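S.K.: test case, fold it:
(one chain, ligands or ions: 1)
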Amino acid sequence: MLPACRTATRVALPTGAALKTISSRWGYTQNRTMTRHEIDTSPGFPRIRPRRLRRTPTLRKMVRETRLTADQFVLPLFAIAGTGVEEPIASMPGHSRLSVDLLAARAARAFAHGVPAVLLFGVTNHKDEVGSHSAHPHGEVQEAVAAIKRAVPEMVVITDVCLCEYTSHGHCGILRDGEVDNDASLLALAEAAVSHARAGADIVAPSDMMDGRVGAIRTALDAHGFLDVGILSYAAKYASAFYGPFRDAAGSAPSFGDRRGYQMDSANRREAMREVALDIAEGADMVMVKPASMYLDVISDVAAFSNVPVAGYHVSGEFAMIKAAAERGWLDERSAVLEVLTSLHRAGADLIITYYAEDAAGWLKESE
Ligand code: PBG
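M.R.: Here you go, the predicted structure:
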């Protein structure tokens, strides 16, 4: 008896037609009359069976298209003043604001676990209208950069360049008449970037979303001789609800209004190409999409379009969602995290910025 054919395409034959040879496709021949029901001419099933390549772990590994490695991870860290100070961040279990000494040790530990890079944020009480502390030569970030470079010189140190942690109003630029004044903010951002470069940063990462800031920062870095300091631009950064835990951590929530006047509208996909094209033209060495897991279409577009490496930022809210569900026993943390991070890489992210960097590096090593 032939196996039953369950696929859709079948030839319309007069019932009772003799088709002796057809059956050999199943490895045996029968001299008998087939019914219309038994004849399958579709190119797919039952000859084609994708499950053949999923049969064993070795086969699955051989045909795997995307390989997540710790080489692409960047761990965000929050720097505060003092020594020996650790302030746990309530909405980000496992993460703390760290004084520079502890932060350097944390970076060294991450590096030892295979994470090649950190992204630094400064948290401070020194706030004013224009965020002047952002360019302080001995600010939290500047000191943290120097401490990491002393502790682990090979580690890549990336610094976030923005004013929101340093302004009394919490906006990412300088205000005029209650609005963020784009052009007035550029100089302050460029000064902050130069101060990070002077402290030893390898890469500066502007996250403010002012127009023209990549060009302004490139010009300022070059003018000060920092020709080799790169720019990772937060090119497609969306106004997102998923930055909530970060703003608690960094004390950077806007005191009025929101960031929709400068960060992108989450409904826009095509506009991301425009932002990316402008930032690359202004001199960005790498571009970022943020948040990441809700914006896989954007990552995919940017990856196809960009001639520079693409980073995806799995942000604080994306971290917190998985963490909270895992704590309740509703998700298996390890497999959920590796699935999400793999998806970012599959969509086209070359670099992945994630609060899970160190855990994921460990999990990947275990599963080798
Ligand atoms: C600063 C900045 C933010 C994040 C990175 N840089 C917050 C914001 O734009 O409000 C968010 C990171 C995260 O949520 O993990 N502008």
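S.K.: what segments of the stretch 151-300 of the chain are helices?
M.R.: 182-199, 213-223, 244-250, 270-282, 296-305 (DSSP state H, counting those that start in this stretch).
S.K.: mind checking those helices for the one nearest to the ligand?
M.R.: Closest approach to the ligand among the helices of the stretch 151-300 of the chain (C-beta to the nearest ligand atom): helix 244-250, 3.2 Å. C-beta coordinates here come from the backbone N, C-alpha and C atoms, glycine included.
S.K.: got phi/psi on the closest residue in space to residue 82 that isn't next to it in sequence?
M.R.: By the measure of C-beta to C-beta, 6 or more residues apart in numbering, the closest residue to residue 82 outside its immediate chain neighbours is residue 99, 4.2 Å from it. With angles defined as degrees, to the nearest 10, residue 99 sits at phi -70, psi 160.
S.K.: how much space separates residue 99 from the ligand?
M.R.: Note on residue 99: its distance to the ligand, by C-beta to the nearest ligand atom, to the nearest Å, is 21 Å.
S.K.: show me the beta-bridge partners of that residue.
M.R.: For residue 99, the beta-bridge partners are residue 80 (DSSP bridges).
S.K.: I figured it hits residue 85, correct?
M.R.: Yes - between residue 99 and residue 85 there is a contact under C-beta atoms under 8 Å: 4.0 Å.
S.K.: the two - which one has more neighbours?
M.R.: residue 99 (21 against 15; other C-beta atoms under 10 Å).
S.K.: contacts made by stretch 177-184 with the rest, please.
M.R.: 171-176, 210-212, 256-257, 261-262 (C-beta atoms under 8 Å, 6 or more residues apart in numbering).
S.K.: typed the wrong thing, it's stretch 326-344
M.R.: With C-beta under 8 Å, 6+ apart as the criterion, stretch 326-344 contacts 66, 68, 93, 292-293, 296, 299, 312, 314, 318, 322-323, 325, 352, 354, 356, 359-360, 363-364.
S.K.: so who does the residue nearest to residue 82 touch?
M.R.: Shown in contact with residue 99 (C-beta under 8 Å, 6+ apart): 79, 80, 81, 82, 83, 84, 85, 86.
S.K.: before we move on, what about residue 302?
M.R.: Applying C-beta under 8 Å, 6+ apart, we find residue 302 in contact with 235, 236, 272, 273, 276, 287, 289, 310, 348.
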